[in-house]
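1. Pasting the sequence and the predicted model now:
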Amino acid sequence: MTLKIENKLVTDGQALSTRIITLRNQSTIPTFVFRRKVLTVNDDDYERSDLSWAGLGTVSDSDEHSIDYEPLGHAMVVLLDSLGGPMHDSGMFITPEQFSSMVLIEPYDIDLEGDDRIRMRPDWNPKKGDLFCFLLNNHKEYHECVGVVGNSLLVSHGHRYLLNQRFDLEYLDAFDESEIEDVEVPYK
């Protein structure tokens with residue numbers, strides 16, 4: 001099934017306006033993105049999944065025990081909605097380990113400036129399992145993408161992402177954010 005050219009132009013325009021809003025919003029959060037990578041087995045005599053996981057094996061990359069995160073690039077994030085999280089057993093507070101938020105995410109090339117950042121999109125898109133390091137004035141907060149939702153029935157219209165905060169990944173040091181003008185300037 002193909003879309004009429006008018007529908008494609010409308011959805012492309014809506015996706016572009018979402019990108020502009022996300023990259024230039026006053027409340028945007030600069031992030032550095034990591035992609036989950038399953039480490040391969042060097043010894044070909046056995047399969048790690050056969051020895052590590054009985055039964056059905058791993059259902060997704062999230063079940064893998066031997067993973068690492070490789071640097072992917074920069075993105076801007078706009079928080080659309082804070083979804084909270086599950087209540088603690090006592091009912092006194094929300095468990096912060098499962099705090100969720102709905103966001104817009106737009107990757108960009110940090111070496112470009114002005115309108116070139118909007119026009120020239122990097123060759124990667126956020127995926128489920130990606131890790132976002134929020135850069136907040138020398139404080140780093142890690143959030144994992146656990147879901148992708150379309151903005152409409154048309155895929156080309158754009159996406160919203162569901163992020164869960166992660167507290168167990170403090171060992172991933174993105175870089176010294178004070179060296180990056182984009183991160184330093186908006187927070188002065």
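-> Cool, the structure landed.
2. model confidence over the helix or strand hosting residue 102, on average?
-> Under the criterion DSSP states H and E, the helix or strand holding residue 102 is strand 100-108. Strand 100-108 shows an average pLDDT of 91 in the prediction.
3. Okay, now the sheet partners of that strand, with direction.
-> According to DSSP bridges, the neighbouring strands of strand 100-108, each with its direction, are strand 67-84 (antiparallel), strand 159-166 (antiparallel).
4. Pull out the buried positions in the longest one.
-> What that stands for is strand 67-84. When neighbours are counted by 16 or more other C-beta atoms under 10 Å, the buried residues of strand 67-84 are found to be 69, 72, 73, 74, 75, 76, 77, 78. For glycine as for every other residue, the C-beta is placed from the backbone atoms N, C-alpha and C.
5. returning to what we had before: as JSON lines, the strands paired with strand 100-108 with distance to residue 25 and mean pLDDT would be great.
-> As requested, the strands paired with strand 100-108 are exported to JSON lines (distance: least, C-beta to C-beta, whole Å; pLDDT from 0 to 100):
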{"stretch": "strand 67-84", "distance to residue 25": "5", "mean pLDDT": "85"}
{"stretch": "strand 159-166", "distance to residue 25": "14", "mean pLDDT": "87"}
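6. I'd like to know which of those strands lies nearest to residue 4.
-> strand 159-166 (22.1 Å; C-beta to C-beta).
7. hmm, who's touching that closest one?
-> Counting by C-beta atoms under 8 Å, 6 or more residues apart in numbering, the neighbours of strand 159-166 from elsewhere in the structure are 80, 83, 96-105, 126, 131-132, 141-151.
8. Identify the residues contacting residue 70.
-> Listed by C-beta under 8 Å, 6+ apart, the contact partners of residue 70 are 34, 35, 37.
9. if you set the cut-off to 10 Å instead, what comes out?
-> With contacts defined as C-beta atoms under 10 Å, 6 or more residues apart in numbering, residue 70 is in contact with 34, 35, 36, 37.
10. Which of those residues sits closest to residue 11?
-> residue 35 (26.5 Å).
11. Weed out the non-buried ones from the contacts of residue 70.
-> If we count by 16+ other C-beta under 10 Å, the contacts of residue 70 have these buried: 34, 35, 36.
12. Return the member of those residues nearest to residue 6.
-> Looking at the buried ones among the contacts of residue 70 and their distance to residue 6, the nearest is residue 35, at 35.7 Å (C-beta to C-beta).
13. in the helix or strand where residue 23 lies, what's buried?
-> Element membership of residue 23 [criterion: DSSP H and E] is helix 5-24. Counting neighbours by 16+ other C-beta under 10 Å, one finds that the buried residues in helix 5-24 are 11, 14, 15, 18, 19, 22, 23.
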